[in-house]
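[1] okay, here's the prediction I keep looking at, along with the sequence it came from:
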Amino acid sequence: MDCLEIAATKYTPAIAFDNKQHVLEILGKSYPENTVAFYEPVFTWLEEYLEQVEDNAITVNLEIIYFNSSSAKVLMDLFDTFEEAAEEGKHITINWIYDEENESALEYGEEFQEDYEAVIFNLVKKTE
Amino acid sequence: MSDKLYKIYQDFMQQGIFMCFNGPLSQNLMVEIGETVKQKMELAEAGTSRISKVFAIMVEQAQNILHYSEEKIPDRDGAGAEYELRFGIISIGYADDHYFVTCGNRILNSRVDTFREKLTQLQQMDKTELKKAYKEQLKKGPEEGSKGAGLGFIEMARKSSKPIEFNFQTIDEEFSFFSIKILI
């Protein structure tokens, strides 16, 4: 299984999922026209990875500057996937990285955080 | 040449509209409109939070046009989404201490009642109720025929500083013109 790397565009984030280091990163903006199609390979990769991974601690770093409403649904599906894996005993830490000046980034992070228990969900203030 | 275009220009100025687009929209065009509006607002020192709200609302409205406007070419179904173009109007402006984002497009008459009901409900909700509605819809998932998450209007209402405004005008026996205005 290879790492998953997708370069950023003006309206889609950079995705770097590393199955050797067990670090999964999404960075940038997310407002594609067809959100489901854009994230399909991400979920396909993730499902395969979560089946293979053993006792390693998994770190998920998300720094999403802006996302549209259909990406919100994708993020929830992503968190649900991690939550389920964590309930089955996987060690998963999600870091929701936000810029202090961007009020809504923190608010959305807090709202997502409320709904998850098995994964460790941190809100991380971005430092320069 | 007549003064019609100047009349339109004057009308925009009086309303405070500084960005307006009418016609076939694309994802790339929307991105560029968004970036330019951001830059304009940054130069006007509008503040990060306000700029990001205007941007987010513009994207939701524009993507509604891209996904659902019933004014489209080719107008037959099944022609292939890649070649399809959908039409609508977006305008962004500043008046009476508020930014506004207004959007209009054609919808089927048969959708008017559903839209009106949904939007009226949102108009009456406070921030806490809107948050609850947002989370419920997020978990429920989109309705059949939706190309997104079914969250667009709720998201706009949450970011709006006043209740959302909307209007329906009957065009003919098949279509109505739907418009929505959000103040930020």
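    Looks like it arrived, so ask away.
[2] please name the residues that touch the most centrally placed residue in chain B.
    Nearest to the geometric centre of chain B sits B:Gln61, at 2.7 Å (Cα atoms, centre = their mean). When contacts are counted by Cβ atoms under 8 Å, 6 or more residues apart in numbering or on different chains, B:Gln61 touches B:Ile90, B:Val101, B:Cys103, B:Met156, B:Ile180, B:Ile182. Bear in mind the C-beta positions are built from the backbone N, C-alpha and C, glycine included.
[3] likewise B:Phe175?
    B:Glu70, B:Glu71, B:Arg106, B:Ile107, B:Leu108, B:Asn109.
[4] then B:Lys139?
    Counting by Cβ under 8 Å, 6+ apart, B:Lys139 touches A:Met76.
[5] same check, this time on B:Ile164
    So B:Ile164 contacts B:Leu119, B:Leu122, B:Gln123, B:Phe153, B:Met156, B:Ala157, B:Ile180, B:Lys181, B:Ile182 (Cβ under 8 Å, 6+ apart).
[6] quickly find the element holding the third one.
    When elements are defined using DSSP states H and E, B:Gln123 is found to belong to helix B:112-124.
[7] same question, the last one
    When elements are defined using DSSP H and E, B:Ile182 is found to belong to strand B:175-183.
[8] of all the contacts of B:Gln61, which two lie farthest apart?
    B:Ile90 and B:Met156 (13.0 Å; Cβ to Cβ).
[9] so these two - more neighbours on which side?
    Neighbour count, other Cβ atoms under 10 Å in any protein chain shown: between B:Ile90 and B:Met156, B:Met156 has more, with 26 against 23.
[10] so how far is B:Pro24 from that one?
    Per Cβ to Cβ, to the nearest Å, B:Met156 is found 23 Å from B:Pro24.
[11] nearest to chain A among the contacts of B:Gln61?
    Within those, proximity to chain A (Cβ to the nearest Cβ) peaks at B:Met156, which comes in at 8.7 Å.
[12] who does the strand or helix carrying the closest one touch, helix- and strand-wise?
    Element membership for B:Met156 (DSSP H and E) is helix B:152-159. Other elements packing on helix B:152-159 under the criterion 3 or more Cβ pairs under 8 Å, 6 or more residues apart in numbering or on different chains; DSSP states H and E are helix A:69-87, helix B:48-68, helix B:112-124, helix B:127-140, strand B:175-183.
[13] what does chain B put close to chain A?
    By Cβ under 8 Å from any Cβ of the partner chain, the part of chain B that sits against chain A consists of B:27, B:31, B:35, B:48-49, B:52-53, B:55-56, B:59-60, B:63, B:66-67, B:131, B:135, B:138-139, B:141-142, B:147-149, B:151-152, B:154-155, B:159.
[14] for chain A, which strand is longest?
    Looking across chain A with DSSP state E, the single longest strand is strand A:57-67.
[15] do it and chain B meet?
    Yes: using Cβ under 8 Å from any Cβ, strand A:57-67 comes into contact with chain B via A:Tyr66.
[16] quick one: contacts of that strand?
    Applying Cβ under 8 Å, 6+ apart, the contact partners of strand A:57-67 are A:13, A:22-31, A:71, A:75, A:82, A:90-99, A:102, A:105, A:108, A:126, B:52, B:55-56.
[17] which of the residues you listed are buried?
    A:13, A:22, A:24-26, A:28-31, A:71, A:75, A:82, A:90, A:92, A:94-98, A:102, A:105, A:108, B:52, B:55-56 (16 or more other Cβ atoms under 10 Å in any protein chain shown).
[18] circling back to that earlier point, distance check, the residue nearest to the centre of chain B against chain A.
    To chain A, B:Gln61 is 11 Å away according to Cβ to the nearest Cβ, to the nearest Å.
[19] past the least confident helix or strand in chain B by mean pLDDT, which element shows up next along the chain?
    When each helix and strand of chain B is scored by mean pLDDT, DSSP states H and E, strand B:72-73 comes last, with a mean of 89. For strand B:72-73, the following helix or strand on the C-terminal side (DSSP H and E) is strand B:85-95.
[20] what lies in contact with that next one?
    Residues from elsewhere that reach strand B:85-95, judged by Cβ under 8 Å, 6+ apart: B:12, B:15-26, B:33, B:37, B:44, B:54, B:58, B:61-62, B:64-69, B:71-73, B:99-106, B:179.
[21] give the next helix or strand downstream of it.
    Next in sequence after strand B:85-95, counting helices and strands by DSSP H and E, comes strand B:98-108.
[22] which helices and strands does that next one pack with?
    With contacts taken as 3+ Cβ pairs under 8 Å, 6+ apart, strand B:98-108 sits against helix B:48-68, strand B:85-95, strand B:175-183.
[23] and of those, who's closest to B:Asp3?
    The nearest among these, by Cβ to Cβ, is strand B:85-95 at 21.0 Å.
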